[in-house]
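Enquirer: Predicted structure and sequence below. I'll ask about it afterward.
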There are 2 protein chains.
Amino acid sequence: MVQYARARLDASFAALSDATRRGVLEQLGRADASITELAMKFDMTLTGMKKHIGVLEQAGLVTTEKVGRVRTCTLGLRGLHEEAAWIDRHRQLWAARFDALDKVVEELKRKEKVDGRKRQ
Amino acid sequence: MVQYARARLDASFAALSDATRRGVLEQLGRADASITELAMKFDMTLTGMKKHIGVLEQAGLVTTEKVGRVRTCTLGLRGLHEEAAWIDRHRQLWAARFDALDKVVEELKRKEKVDGRKRQ
């Protein structure tokens, strides 16, 4: 289960590590689109766009359906909830670490002030 | 500026696409650690860990400082705020799309009920 969740986070973060793929997700957030439409919109060959869609599909972020000769892309049922949760957890840790650092700096400043007064 | 932000998101999402690198960030969220300590903790060669730290450093998520023979790793000043913002925006789009889909399904159900009644 943990292994599976890890592999899924690996795949989705890798899918998000490309500006075109993030753009495709934003586009599909507004409306479904065929691979041809997406290739035109992002000024890319059909083959190039197919590869990007393949990566997004593997990560579960996009689903596709072929009707006749047209393959239509839709946002997948996975909604980046786990990715958001991971990042939120990390941000909390991060904030706590920097709060702790702030306290150390404040304590040093306070001591410096006290020492300064003693020297006067 | 937009190009720079894109490249930064590319680098940070790529950095997050590996379970070991995510583990290192979680570890550094608790306490600073040397590369040797991290290599031991994640049961990895020093060379392997150095590569992972290099990727995290390039993405601005980790900073390192060498004192004597020990290189210590600390969480970087960047705190995944932009990554969280991107994911949040996408989740809002995603939720809106699926809400719209829910409404279509409800409308279809309602019509079916009305048509059913008419046929009776």
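Expert: Sure thing, it's come through.
Enquirer: Quick check: which ranges of chain A have low pLDDT?
Expert: Scanning chain A with the threshold set as pLDDT under 70 gives A:1, A:120.
Enquirer: same thing but 50
Expert: Under the criterion pLDDT under 50, no range of chain A is flagged.
Enquirer: Would you map the strands across it?
Expert: A:33-34, A:62-67, A:70-75 (DSSP state E).
Enquirer: so how far is the first one from its chain's centroid?
Expert: Translated: strand A:33-34. 22 Å (C-alpha atoms, centre = their mean, to the nearest Å).
Enquirer: ok, now the second one?
Expert: The chain centroid and the centroid of strand A:62-67 are separated by 23 Å, computed with C-alpha atoms, centre = their mean.
Enquirer: Pull the number of nearby residues for residue A:81.
Expert: Using other C-beta atoms under 10 Å in any protein chain shown, residue A:81 has 11 neighbouring residues. All C-beta atoms are positioned from the backbone trio N, CA, C, and that covers glycine.
Enquirer: Please list the residues of chain A that sit near chain B.
Expert: Contacts of chain A with chain B, taken as C-beta under 8 Å from any C-beta of the partner chain, map to A:6, A:9-11, A:13-14, A:16-19, A:22, A:25-26, A:29-30, A:75, A:79-81, A:83-84, A:86-91, A:93-98.
Enquirer: okay, the angle between the longest helix belonging to chain A and strand B:70-75?
Expert: Counting by DSSP state H, the longest helix found in chain A is helix A:81-119. Helix A:81-119 runs at 110 degrees relative to strand B:70-75, counting by axes from the mean of the first three to the mean of the last three C-alpha atoms, to 10 degrees.
Enquirer: I'd like to know which elements helix A:81-119 is packed against.
Expert: With contacts taken as 3 or more C-beta pairs under 8 Å, 6 or more residues apart in numbering or on different chains; DSSP states H and E, helix A:81-119 sits against helix A:2-16, helix B:19-30, strand B:70-75, helix B:81-119.
Enquirer: Buried ones in the last one, by neighbour count?
Expert: Neighbour-count burial for helix B:81-119, counted by 16 or more other C-beta atoms under 10 Å in any protein chain shown, picks out B:83-84, B:86-87, B:90-91, B:93-94, B:97.
Enquirer: cool, and the shortest one?
Expert: Applying a neighbour-count criterion of 16+ other C-beta under 10 Å, the buried positions in strand B:70-75 are B:73, B:75.
Enquirer: That strand packs against which elements?
Expert: helix A:81-119, helix B:19-30, strand B:33-34, helix B:35-41, strand B:62-67.
Enquirer: Just name whatever secondary elements the third one is in contact with.
Expert: Secondary-structure packing of strand B:33-34 (3+ C-beta pairs under 8 Å, 6+ apart): strand B:70-75.
Enquirer: who wins for proximity to residue A:70 among the helices and strands packed on helix A:81-119?
Expert: Of all those, it is helix B:81-119 that lies closest to residue A:70, at 19.8 Å by C-beta to C-beta.
Enquirer: if we can go back for a sec, looking at the helices and strands packed on helix A:81-119, which is closest to residue A:61?
Expert: Proximity to residue A:61 (C-beta to C-beta) singles out helix A:2-16 among the helices and strands packed on helix A:81-119, at 5.8 Å.
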